[in-house]
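Undergrad: Quick one, structure for this:
(chains A and B)
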Amino acid sequence: MIKVFKSKRFYHYIKDVSAVTGSLILIIMLIGAIFAPIIAPQNPYDMEGLYLEDSLKPPIWMEGGEAPFILGTDDQGRDILSTILYGCRTSFTVGFSVIIIAGIIGVTVGLLAGFYRGLLEAVTMRLADAIFSFSTTLIAMLFLGISKNHGIGTIILAIIITDWVRYARTMRGSVLSVKEEDYISAARAIGANDLRIMFKHILSNAIPPILVVAAVDFGAAVMLEATLSFLGVGVPINKPSLGMMISIGKNYIYAGKWWLVVFPGAALVLIVFGINLLADWLREEINPKIMKGKVGE
Amino acid sequence: MYKCIVRRLMQGVIVLLVVSFVCFAIFQFFGDPVLTLAGRYATQAQQEEVRSKMGLDKPFYIQYFVFLKNALHGDFGLSYVAQTPVLGLILERLPASIELAISAMVIALTLGIGLGVLVSLNPRKFVNRIIMAGSLLGISLPTFLIGILLIMIFSVKLGFLPTFGRGEVIKIAGNWRTGFFTIGGLRHLILPAFTLGLYQLAVLLRLTRGGMLEVLREDYIRTAWAKGLTVKMVIFKHALRNALIPVITMAGLQFGELIAFSIVTESIFQWPGAGNLLLTAVYETDHPVIVAYVMITSILILFVNLVVDILYAYINPKIRYE
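TA: Okay, here's the model as predicted:
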């Protein structure tokens, strides 16, 4: 542990304002999401606790705002802050599930494809090309639109179907670049088998670019879930989601009820912005070609 | 070069076949259109009648081949809901979508590349850092949120711009109605086009900046400076041309995303385009419309990718297709 804090990378990290800001934002949002049942003033999905006379209350500092509803309420009388906290849980669940599952599938396939080449590699790469040109968003949208069986699990599945190829492609590239290194020949010479070479020697050297992909992908997955829920093909109406909140709030913007959209929107953007700050730092940290300095330095 | 184009076209046909097969197969397993058509309270006999009328009682492969044969003749069948030919429905809506997509792409390319170059010339300048932070915010804002925020600011608060539909359109050539030539049409276009273009703008800006920063450190740029070329020559002729290669690739790759997000944008602004049609079809389980939409978009995407590849060879002489 102490070794981590003394390392050069950690020193770079702690000196980088945007990386630290990004992490702080994420940690705060994550704590809010995890402890939502404790922190939230109200359980917004317990119908017993909702009263229609509380509906469309403005934030507490505006005229007409009321005590427990710090950020106001929506058309069902749900407390906006509480709904956001619960919605963030969905966002983080989707984000983490996608990067873990798609990551494991993609890394494994990419590793095998890069190591053994041949048919597996050809098929994976063609598939990746096709999926990228058709866009993951479009495919997820159509999948959910057709399947009509919406739960968080289905949404995660819809994202993973296409998302794993990002990891596979990056992984294959890394494998190809380290495969011919001397230390791989050395490992083979002392009798290491394919599995050991792949998962110990190659994988450990190919992790940094995968981390960047995972960070970017996390943000993309969170945004995608919100977009799908916004369009009405995502989470069911009785489940919390930031995208769903914004979709409901959209109907009230002409009536001037801006808080129905602005606060959940801000929460969503904070999560994605936070992870993007981190991803940006990570990308520049592991790529010595991009210098942050002035031209010609 | 021609050989390569022909090969790509053949690959494209294979991709289309696969796409059509997958579409078709998925529909066999999800959602029964008969229920939608005949109504929830239809009797068994009524359901059977609908089923045989639409040819849904035939085996899967026969349905698929009939579909393929008809599709080649431009016949994608009747919409379950509207009971009119699907191709006509989509073609009627397509001009609106294409105009929106082109406007968004023009905004993204000009502003994205322009600002990207500007920022790369002096990355430490305060204004440029603000632009970079803005672009990071730009890629963190989902399209639907951008749309709603723009409506809130420019329509609800300031009352500048309309947010609903296409405004006045003029009919040119056949079914093509355009909003490019009327004041009303252009005013209606501004918000949706920016909504759709903003994300791409941010992506292209960051890519251009990154590319320029790498290229500007190369030896040949130093040589160009040293022999006393003007700033304009060095930046645009020597540096930008090389930095643009990944940008063009990305812009082509993003075309699919552009179509996906045009669905979102069209739904927010009630834009009468093909994306909006697709969403309605999804809600109503109108399979023929979905299939035809997917097939037409696939053709468009394959075509754009081919054009980008040719362009790529044109700006980068290092690449020569065998």
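Undergrad: secondary structure element for residue 102?
TA: You didn't pick a chain, so chain A it is. Counting by DSSP states H and E, the element that carries residue A:102 is helix A:80-116.
Undergrad: Not quite, go with chain B.
TA: Going by DSSP H and E, residue B:102 is in helix B:86-121.
Undergrad: check whether that helix contacts chain A.
TA: Yes - using C-beta under 8 Å from any C-beta of the partner chain, we find that helix B:86-121 touches chain A at B:120, B:121. Heads up, the C-betas are built off the backbone N, CA and C, glycines and all.
Undergrad: for that helix, packing partners?
TA: helix B:126-140, strand B:177-178, helix B:183-215, helix B:241-253, helix B:255-269, helix B:274-283, helix B:287-315 (3 or more C-beta pairs under 8 Å, 6 or more residues apart in numbering or on different chains; DSSP states H and E).
Undergrad: List the contacts of the closest residue to residue A:281 other than its chain neighbours.
TA: In space, residue A:281 comes closest to residue A:19 once its chain neighbours are excluded; the distance is 3.7 Å by C-beta to C-beta, 6 or more residues apart in numbering or on different chains. Applying C-beta atoms under 8 Å, 6 or more residues apart in numbering or on different chains to residue A:19 gives the contacts A:13, A:277, A:278, A:281, A:282.
Undergrad: 10 Å instead?
TA: Shown in contact with residue A:19 (C-beta atoms under 10 Å, 6 or more residues apart in numbering or on different chains): A:12, A:13, A:277, A:278, A:279, A:280, A:281, A:282, A:284, A:285.
Undergrad: any idea how far the last one is from chain B?
TA: Pointing back at residue A:285 there. Residue A:285 sits 15 Å away from chain B, going by C-beta to the nearest C-beta, to the nearest Å.
Undergrad: What parts of the stretch 51-200 of chain A come near chain B?
TA: A:126, A:129-149 (C-beta under 10 Å from any C-beta of the partner chain).
Undergrad: on that earlier part again, tell me which other helices or strands the helix holding residue A:102 touches.
TA: The contact analysis (3 or more C-beta pairs under 10 Å, 6 or more residues apart in numbering or on different chains; DSSP states H and E) places helix A:80-116 against helix A:17-34, helix A:36-39, helix A:118-134, helix A:152-179, helix A:194-196, helix A:203-231, helix A:242-250, helix A:259-286.
Undergrad: Any chance of those helices in TSV with mean pLDDT as columns?
TA: Below are the helices and strands packed on helix A:80-116 laid out as TSV (pLDDT from 0 to 100):
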stretch	mean pLDDT
helix A:17-34	91
helix A:36-39	87
helix A:118-134	85
helix A:152-179	90
helix A:194-196	86
helix A:203-231	91
helix A:242-250	91
helix A:259-286	90
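Undergrad: follow-up on the earlier one: list buried residues within the residues of the stretch 51-200 of chain A next to chain B.
TA: The neighbour-count test (16 or more other C-beta atoms under 10 Å in any protein chain shown) marks A:129-147 as buried among those.
Undergrad: residue contacts, the residue nearest to residue A:225 when sequence neighbours are not counted?
TA: Of all residues not flanking residue A:225 in the chain, residue A:94 sits nearest, at 4.4 Å (C-beta to C-beta, 6+ apart). Contact partners of residue A:94, counting by C-beta under 10 Å, 6+ apart, are A:152, A:155-156, A:159, A:218, A:221-222, A:224-226, A:228-229, A:234-235, A:241.
Undergrad: Nearest to chain B among these?
TA: Distance ranking of those against chain B, using C-beta to the nearest C-beta, places residue A:226 first at 5.7 Å.
Undergrad: residues in contact with the residue of the stretch 51-200 of chain B found nearest chain A?
TA: Distances between the stretch 51-200 of chain B and chain A by C-beta to the nearest C-beta are smallest at residue B:140, namely 4.1 Å. Counting by C-beta under 10 Å, 6+ apart, residue B:140 makes contact with A:219, A:222-223, A:268-277, B:199, B:202.
Undergrad: so where is the stretch 201-322 of chain B shaky, pLDDT-wise?
TA: For the stretch 201-322 of chain B, applying pLDDT under 70 flags the ranges B:317-322.
Undergrad: and what of the stretch 1-150 of chain B?
TA: Scanning the stretch 1-150 of chain B for pLDDT under 70 picks out B:1, B:26-33, B:35-40, B:54.
Undergrad: Name the residues of it found near chain A, please.
TA: B:11, B:14-15, B:18-19, B:23, B:26-27, B:29-31, B:120-125, B:132-133, B:136-137, B:139-149.
Undergrad: 8 Å - rerun?
TA: So the stretch 1-150 of chain B meets chain A at B:15, B:26-27, B:30-31, B:120-124, B:136-137, B:139-145, B:148-149 (C-beta under 8 Å from any C-beta).
Undergrad: What's the PyMOL syntax to select whichever of those are buried?
TA: Of those, the buried ones go into a single PyMOL selection, burial set by 16+ other C-beta under 10 Å:
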select buried, chain B and resi 15+26+27+31+120+121+123+136+139+140+141+142+143+144+145+148+149
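Undergrad: Report the contact partners of the residue nearest the centre of chain B.
TA: Residue closest to the average C-alpha location in chain B (C-alpha atoms, centre = their mean): residue B:259, at 2.6 Å. Going by C-beta under 8 Å, 6+ apart, residue B:259 touches A:135, A:138, B:101, B:275, B:297, B:300, B:301.
Undergrad: go again using 10 Å as the cut-off
TA: Contacts of residue B:259 by C-beta under 10 Å, 6+ apart are A:134-135, A:137-138, B:97, B:101, B:274-275, B:278, B:293, B:297, B:300-301, B:304.
Undergrad: can you check residue A:177 too?
TA: A:114, A:202, A:205, A:206, A:209.
Undergrad: Most neighbours among those residues, please name it.
TA: residue A:114 (25 neighbours; other C-beta atoms under 10 Å in any protein chain shown).
Undergrad: Skipping adjacent residues, who's closest to it in space?
TA: Closest to residue A:114 by C-beta to C-beta, 6+ apart is residue A:175, at 2.9 Å.
Undergrad: Surely that neighbour touches residue A:199?
TA: No - under the criterion of C-beta atoms under 10 Å, residue A:175 is not in contact with residue A:199, lying 11.4 Å apart.
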